[in-house]
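1. Please find the sequence and the predicted model below.
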Amino acid sequence: MNKEVRVRFAPSPTGALHLGGVRTALFNYLFARKHGGKFILRIEDTDQTRFVPGAEDYIIRSLEWIGLDIDESDIKGGEYGPYKQSNRKHLYTQYAEQLVKDGFAYYAFDTPDELEQMRKKLEAEKASIQCYGPATRMTMKNQLTFGDEQTKLMLQSGAPYVIRFKMPESEKLVLKDIIRGEINADTSILDDKVLYKSDGMPTYHLANIVDDHLMKISHVIRGEEWLPSLPLHYLLYRAFGWTDTMPEFAHLPLILKPDGKGKLSKRDGDRLGFPVFPLHWEDPKSGEVSKGYEEYGYFPEAFLNMMALLGWNPGNTTQEIFTKEELCNLFTLEHVNKAGSKFDPEKNKWFNKQYMLVLPNEELAKYFIEGAKADGIEVSMEKATKICGLVKDRCNFTHDLWKESTYFFIAPTEYDQVNKKKFWKEETPELMKKCVEFMKGIADFSAKNLEDTISAWIQENQLSFGKVLNPMRLLLCGACKGPHIFDILEDLGKEESIKRIETGIEKI
RNA sequence: GGUCCUUUCGUCUAACGGUUAGGACGCAAGAUUUUCAUUCUUGUAAUACGGGUUCGAUUCCCGUAGGGACUACCA
């Protein structure tokens, strides 16, 4: 890479940052780090009607949680600021006017109603052209039809206006995308997009090109939904005379619903029970609350790892667990897939588990103690560490650690009906009574000794392991789950174990 | 409808003209007549279809069919 790499993540503060946005940010970040470049955060808030309070802060906190440190932004500073478009408003007017002056754009005065009518008319005719483009612009109310004189008069009189890009009549364009190769476009079916709105704000298209140019952005890495706008954007660079410094483009494939059709949405998360936002989010308008990956108990490292591998793969490896540093070294846009990927919440959990399992038991114990405390139970570090070692294999999240082992501390009050039906037979109560009497005589209640003596007892009495140990587990834990039963007995201790079995025989 | 993009196991993907098409998630079976969401082992399952180009196509080209995006004074 011969030029300095400068990439930006440019979200609109219209709500929580969703998974698509997270991944776009991540790929930009990885690309910047790989090439020793800059990762810039720019807030695109040119649509005042969609502004959501708190959204910008949410985006920043999310990036922080994931671990994507920003090099330039309004908070971080930088020599190309301000980094929020509403604070750059004054800049865009001159560029829009320059385009008009050079004949690449024009003033238009059509009302929203008139535009709507035109759209309906074309739809009724089943016309395959855009509402406002090379084919129709001469039938509309604009500088081209009114003439420069009248246009000037109308502007002076304060008539509301927009500035539209004048799409070339008929030009075949072949554009380059790093991920997709060549992209074809025909300007004759494109439309004269609004660049400058009647409220004095630029649209995305104008602001984006002006800012990318001014901020010396080298690579535009964004979602596939922008691919149809690429011809317009290229034409804008050309109209401004900036083609020699134009950034390279890479359009990322979209993240799709785990099932069914279409783009992943917040609803899918609610419906299928997985988070679609990094952090907890409460929509200030609807009051709707969404749990985030953080709340669900995901490690940010696991989340980042999983997101990086969605639509990208380093190639020629079967490795799936990567540190952020490894990803920074390995990342290339050429290895980004072209097709959209369906999101798999199950694999998510697997990633999290991998990250949890490498932590030492002492570390896991902290989460365990926290969970216990929430239920009003004090647990020593030593005991928590031991139990974590016993149960961690069957957990996906750190909060499962406590949830999966409450029976170590709380005697069961209910018994799993399915297990009961399976293991609690007519002769079982007698058997349990006999067994508990035997256990009362065992002095050494260590797992090892319990296994030896109880196994011997089972054999002496010509019983089977299943007939004895399954019901005992049911009485001890309330269900047939958990680690090795002799480990449970040892941990519970002689007194508690016997008590649980005896009361269980009556209660079940 | 129009335009553009896209297409390898159910899912995420590897293989950038020559592989018994590999891995992971999931699922299933066994180890396990002591449970289990663990572990290990094994298994399941894919190049959308039709034409080319080539000694040889998952890979290159063209159609067809699926999928996706866009089609706002939203980004």
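-> Alright, I've got the coordinates. Residues are numbered from 1 along each chain as shown, chains lettered A, B, ... in the order given.

2. Tell me the residues of the stretch 1-150 of chain A that contact RNA strand B?
-> A:10-12, A:14, A:44, A:46-47, A:50, A:110-112, A:115, A:119, A:126, A:128, A:130-132 (C-beta under 7 Å from any atom of the strand). For the C-beta atoms, the positions are set from N, CA and C on the backbone; glycine is no exception.

3. now with 10 Å?
-> Residues of the stretch 1-150 of chain A found near RNA strand B (C-beta under 10 Å from any atom of the strand) are A:10-14, A:20-21, A:42-51, A:85, A:108-116, A:118-119, A:122-123, A:126-133, A:141.

4. And the helix or strand of chain A with the lowest mean pLDDT, what does it pack against?
-> Sorted by mean pLDDT, DSSP states H and E, the helices and strands of chain A end with helix A:417-423, the least confident at a mean of 86. Helix A:417-423 sits against helix A:465-477, with contacts defined as 3 or more C-beta pairs under 8 Å, 6 or more residues apart in numbering; DSSP states H and E.

5. where exactly do the strands run in the stretch 1-150 of chain A?
-> Remark: strands assigned in the stretch 1-150 of chain A by DSSP state E, counting those that start in this stretch are A:6-9, A:38-41, A:105-108.

6. out of those, which comes closest to A:Lys193?
-> A:Lys193 lies closest, by C-beta to C-beta, to one member of the strands of the stretch 1-150 of chain A: strand A:105-108, at 9.7 Å.

7. Report the distance from the closest one to the chain centre.
-> Distance of strand A:105-108 from the chain centroid (C-alpha atoms, centre = their mean, to the nearest Å) equals 40 Å.

8. helices or strands up against that strand?
-> Strand A:105-108 packs on helix A:89-101, helix A:143-146, helix A:148-156, strand A:162-165, going by 3+ C-beta pairs under 8 Å, 6+ apart.

9. Contacts for the first one next, please.
-> Contacting residues not belonging to helix A:89-101 are listed as A:105-107, A:143, A:163, A:165, A:195-196, A:200-202, A:206-207, A:210, A:214, A:239-240 [C-beta atoms under 8 Å, 6 or more residues apart in numbering].

10. Drop anything exposed from those residues.
-> A:105-107, A:143, A:163, A:165, A:195-196, A:201-202, A:206-207, A:210, A:239-240 (16 or more other C-beta atoms under 10 Å).

11. out of those residues, who's nearest A:Pro412?
-> A:Ala207 (62.4 Å).

12. Double-check that that closest one belongs to a helix.
-> Yes - assessed by DSSP: H, G, I helix; E, B strand; the rest coil, A:Ala207 belongs to a helix.

13. Give me the nearest residue to the residue in the stretch 401-508 of chain A positioned nearest to RNA strand B, chain neighbours excluded.
-> At 2.1 Å from RNA strand B, A:Phe465 is the closest residue in the stretch 401-508 of chain A, using C-beta to the nearest atom of the strand. Of all residues not flanking A:Phe465 in the chain, A:Ile458 sits nearest, at 6.1 Å (C-beta to C-beta, 6 or more residues apart in numbering).

14. what does A:Asp487 give?
-> A:Ala447 (5.1 Å).

15. May I have the host helix or strand of A:Arg267 as PDB, with CA atoms only?
-> Element membership for A:Arg267 (DSSP states H and E) is helix A:266-272. The C-alpha trace of helix A:266-272 is given here as PDB (Å, rounded to 0.1, in the frame of the first residue of the first chain):
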ATOM      1  CA  LYS A 266     -33.800  -6.700  15.600                       C
ATOM      2  CA  ARG A 267     -37.000  -8.700  15.400                       C
ATOM      3  CA  ASP A 268     -35.000 -11.800  14.500                       C
ATOM      4  CA  GLY A 269     -33.100 -11.500  17.800                       C
ATOM      5  CA  ASP A 270     -36.300 -11.200  19.800                       C
ATOM      6  CA  ARG A 271     -38.000 -14.000  17.900                       C
ATOM      7  CA  LEU A 272     -35.000 -16.500  18.200                       C
END
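
16. other SSEs contacting the very next helix or strand once past it?
-> Going down the chain from helix A:266-272, the next helix or strand is strand A:281-282, by DSSP H and E. Taking 3+ C-beta pairs under 8 Å, 6+ apart as contact, the helices and strands that strand A:281-282 lies on are strand A:289-290.

17. Return the list of helices and strands in contact with the strand it packs on.
-> Applying 3+ C-beta pairs under 8 Å, 6+ apart, one finds that strand A:289-290 contacts helix A:266-272, strand A:281-282.

18. what sits up against the first one?
-> The set of residues that contact helix A:266-272 without belonging to it, under C-beta under 8 Å, 6+ apart, is A:18, A:257-259, A:275-277, A:290, A:343, A:345.

19. Emit the ChimeraX select command for whichever of those are buried.
-> If you want just the buried ones from the contacts of helix A:266-272 in ChimeraX, going by 16+ other C-beta under 10 Å, the selection is:
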select /A:18,257,258,275,276,277,290,343
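
20. Listing request: residues of the stretch 101-250 of chain A with sub-threshold pLDDT.
-> Along the stretch 101-250 of chain A, the model assigns pLDDT under 70 to no residue.

21. where's the residue of the stretch 151-300 of chain A found nearest RNA strand B, which helix or strand?
-> In the stretch 151-300 of chain A, the residue that lies nearest RNA strand B is A:Lys261 (2.7 Å; C-beta to the nearest atom of the strand). Taking DSSP H and E as the definition, one finds A:Lys261 inside no helix or strand.

22. now A:Pro231
-> Using DSSP H and E, A:Pro231 sits within helix A:230-240.

23. Okay, angle between that helix and helix A:89-101 too, please.
-> On the basis of axes from the mean of the first three to the mean of the last three C-alpha atoms, to 10 degrees, helix A:230-240 is oriented at 80 degrees to helix A:89-101.

24. Is the helix or strand following helix A:230-240 positioned near RNA strand B?
-> Under the assignment DSSP H and E, the closest C-terminal helix or strand after helix A:230-240 is strand A:248-252. Yes - using C-beta under 10 Å from any atom of the strand, we find that strand A:248-252 touches RNA strand B at A:His251.

25. thinking again about what came up before, relative to the whole chain's centre, how far out is the helix holding A:Arg267?
-> With C-alpha atoms, centre = their mean, you get 13 Å for helix A:266-272.

26. What of stretch A:497-508?
-> With C-alpha atoms, centre = their mean, you get 47 Å for stretch A:497-508.

27. same thing with stretch A:97-109?
-> Going by C-alpha atoms, centre = their mean, where stretch A:97-109 is centred and where its chain is centred differ by 40 Å.

28. Tell me the pLDDT of A:Met1.
-> If you check A:Met1, the pLDDT there is 54.

29. should've said A:Lys448
-> 89.
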